[in-house]
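Undergrad: using only what follows, build the 3D model:
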Amino acid sequence: MSMYVHLVVGIFEALSIGYQYAYSHQFGIYGVSQVGKTTLNNQLRTRGEVPDIKKRTVGKCRTSRKIIKMHGHTKVMKSTDIGGEAKYWDLWLQDIEKRKVKYVIFMIDDRHLTRKFNNEQLWAWEYLIKILTDNNWSNGKRKKNRDYPKHISIWANKYDLWKEKYEHDGPIEKHPIFLPFQSGLEQLQDRGVPCSKFIVSAKSDPDMVYRGIMTMFGGVTL
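TA: The predicted model follows:
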């Protein structure tokens with residue numbers, strides 16, 4: 001009887017993954033150069049086995065599926081690696097429109113705290129906010145309510161490298177690393193888009209990464 005139950009459960013799990021594989025959740029991972037987007041994409045694909053990144057991403061790579069499993073929950077997502085230099089930001093727009101991206105991760109590190117006049121992350125964030133909150137697509141067609149993302153999250157990456165630099169005893173969402181991006185989050189919330197903030201170490205702590213992904217889906221309690 002036990003073997004039969006396990007067989008049935010296995011079949012249903014396989015069917016569920018097959019369905020999700022066909023209708024994968026579209027994720028967009030954006031951010032400036034060298035913030036960790038390639039590392040995150042590799043972490044989501046291999047879980048733990050992440051190579052050192054030697055070269056910057058040029059243009060846009062092929063979109064690929066990733067199976068995310070944690071605490072009995074399974075989700076299938078699709079994401080792609082896109083360059084973070086300003087000349088590639090238009091590719092973010094194309095990616096969002098072509099794939100109808102529903103979940104957005106904007107990755108940052110602490111460069112804006114260590115170099116006070118380094119505003120590249122804020123400029124990239126403002127560009128992304130304009131794309132996401134615009135009433136129209138780039139072709140002028142009016143957006144419908146279903147065209148806006150289901151969830152947008154700022155991920156402060158490389159936590160293992162900067163966690164000792166800044167004193168902070170309050171809630172993680174109040175960490176000073178997120179402060180310059182608050183206005184954009186408020187614009188998104190005014191649109192009715194759920195937002196969140198996470199601190200992660202994409203290269204060294206896969207559990208942090210997977211917990212962040214699963215939490216973005218909502219209703220998945222970890």
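Undergrad: pretty sure residue 35 sits in a strand.
TA: No - counting by DSSP: H, G, I helix; E, B strand; the rest coil, one finds residue 35 to be coil, located in no strand.
Undergrad: quick one: classify the nearest residue to it once chain neighbours are set aside as helix, strand or coil.
TA: Among residues not flanking residue 35 along the chain, residue 107 sits closest, at 4.7 Å (Cβ to Cβ, 6 or more residues apart in numbering). (Each C-beta comes from the backbone N, C-alpha and C, glycine too.) Under three-state DSSP, residue 107 falls in the strand class.
Undergrad: does residue 107 really touch residue 34, like I thought?
TA: No - when contacts are counted by Cβ atoms under 8 Å, residue 107 is not listed as touching residue 34 (10.2 Å).
Undergrad: more crowded one of these two?
TA: residue 107 (25 against 16; other Cβ atoms under 10 Å).
Undergrad: got a list of what the more buried one touches?
TA: Residues in contact with residue 107 (Cβ atoms under 8 Å, 6 or more residues apart in numbering) are 29-31, 35-37, 40, 154-155, 157, 202.
Undergrad: again, but for residue 95
TA: Residues in contact with residue 95 (Cβ under 8 Å, 6+ apart) are 28, 60, 80, 82, 101.
Undergrad: and which of these is nearest to residue 120?
TA: residue 82 (15.6 Å; Cβ to Cβ).
Undergrad: hmm, residue 57 and the closest one touching each other?
TA: Yes - using Cβ under 8 Å, residue 82 is in contact with residue 57, at 6.7 Å.
Undergrad: so for the two, which residue has more residues nearby?
TA: Shown here are residue 82 and residue 57; by other Cβ under 10 Å, residue 82 has more neighbours (24 against 19).
Undergrad: and the more buried one, what pLDDT?
TA: Per-residue pLDDT puts residue 82 at 95.
Undergrad: who's in contact with stretch 162-179?
TA: Outside stretch 162-179, the residues touching it (Cβ under 8 Å, 6+ apart) are 108-110, 112-114, 154, 156, 196-199.
Undergrad: how about a cut-off of 7 Å?
TA: With Cβ atoms under 7 Å, 6 or more residues apart in numbering as the test, stretch 162-179 has contacts from 110, 113, 154, 156, 197, 199.
Undergrad: mind picking the two most distant members of the residues you listed?
TA: Greatest spatial distance among the contacts of stretch 162-179 (Cβ to Cβ): 113 and 197, at 15.0 Å.
Undergrad: and these two? Which one has more around it.
TA: Set side by side, residue 113 and residue 197 show more neighbours around residue 197, with 20 against 16, by other Cβ under 10 Å.
Undergrad: once you drop chain neighbours, what's closest to that one?
TA: Closest residue in space to residue 197, ignoring its immediate chain neighbours: residue 173 at 4.6 Å, by Cβ to Cβ, 6+ apart.
Undergrad: wait, is residue 75 part of a strand?
TA: Yes - Residue 75 sits within a strand when classified using three-state DSSP.
Undergrad: what about it, how many residues nearby?
TA: As a measure of burial, residue 75 has 20 neighbours, counting by other Cβ under 10 Å.
Undergrad: three-state assignment of the closest residue to it other than its chain neighbours?
TA: Nearest non-adjacent residue to residue 75, counting by Cβ to Cβ, 6+ apart: residue 68, 4.7 Å away. Three-state assignment for residue 68 (three-state DSSP): strand.
Undergrad: fine by me, we can end here.
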